[in-house]
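Asks: the sequence and its predicted three-dimensional model are supplied below.
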Amino acid sequence: MRLLLDTNVLIWWLDLDVTLSEIARHQFQQLQISYRHAAQVLRLPAIHNDPFDRMLVAQAISESLNLLTADRLLASYSGLVEMI
């Protein structure tokens with residue numbers, strides 16, 4: 001499984017925060033933003049106002065990645081968004 005991490009999850013991972021499970025700490029995938037990701041953002045409903053979070057959702061959808069987040073609003077976008 002390939003994962004994309006929301007910013008807060010990345011910070012927890014870097015700080016070895018106990019909020020993350022051992023499995024979550026070992027699963028990390030970094031992607032560059034592409035034109036395809038930007039185009040996907042335009043197709044997303046206006047559920048969340050943060051442009052960076054919307055880009056993360058677009059990346060997850062475009063690349064079939066599981067996005068790990070603590071932001072409940074993002075879970076409304078796709079089954080690829082997983083709450084931790």
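Replies: Nice, I can see it.
Asks: what about the residue nearest in space to the middle of the chain, which helix or strand?
Replies: In the chain, the centroid-proximal residue (CA atoms, centre = their mean) is residue 67; its distance is 3.3 Å. Per DSSP states H and E: residue 67 is located in strand 66-69.
Asks: return the distance of that strand from the chain's centre.
Replies: 4 Å (CA atoms, centre = their mean, to the nearest Å).
Asks: do stretch 50-67 as well
Replies: 5 Å.
Asks: hey, C-alpha coordinates of it in CSV?
Replies: Extracted as CSV, the C-alpha positions of stretch 50-67 are listed here (Å, rounded to 0.1, in the frame of the first residue of the first chain):
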residue,chain,number,x,y,z
ASP,A,50,-7.5,24.7,2.6
PRO,A,51,-5.9,24.6,-0.9
PHE,A,52,-3.0,22.5,0.3
ASP,A,53,-5.3,19.9,1.8
ARG,A,54,-7.4,19.8,-1.4
MET,A,55,-4.1,19.2,-3.3
LEU,A,56,-3.3,16.2,-1.0
VAL,A,57,-6.8,14.8,-1.7
ALA,A,58,-6.2,15.3,-5.5
GLN,A,59,-2.9,13.6,-5.3
ALA,A,60,-4.4,10.7,-3.4
ILE,A,61,-7.2,10.3,-6.0
SER,A,62,-4.9,10.7,-9.0
GLU,A,63,-2.3,8.2,-7.8
SER,A,64,-4.6,5.8,-5.9
LEU,A,65,-2.8,6.5,-2.6
ASN,A,66,-4.2,6.2,0.9
LEU,A,67,-4.1,9.7,2.5
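Asks: buried ones in the host helix or strand of residue 52, by neighbour count?
Replies: Counting by DSSP H and E, the element that carries residue 52 is helix 51-63. Buried residues in helix 51-63, counted by 16 or more other CB atoms under 10 Å: 53-63. Quick note: C-beta positions are derived from backbone N, CA and C, even for glycine.
Asks: which of the residues you listed sits closest to residue 76?
Replies: residue 57 (9.5 Å; CB to CB).
Asks: if I pick the closest one, what's in contact with it?
Replies: Residue 57 makes contact with 41, 44, 48, 67, 74, 77-78, 81, according to CB atoms under 8 Å, 6 or more residues apart in numbering.
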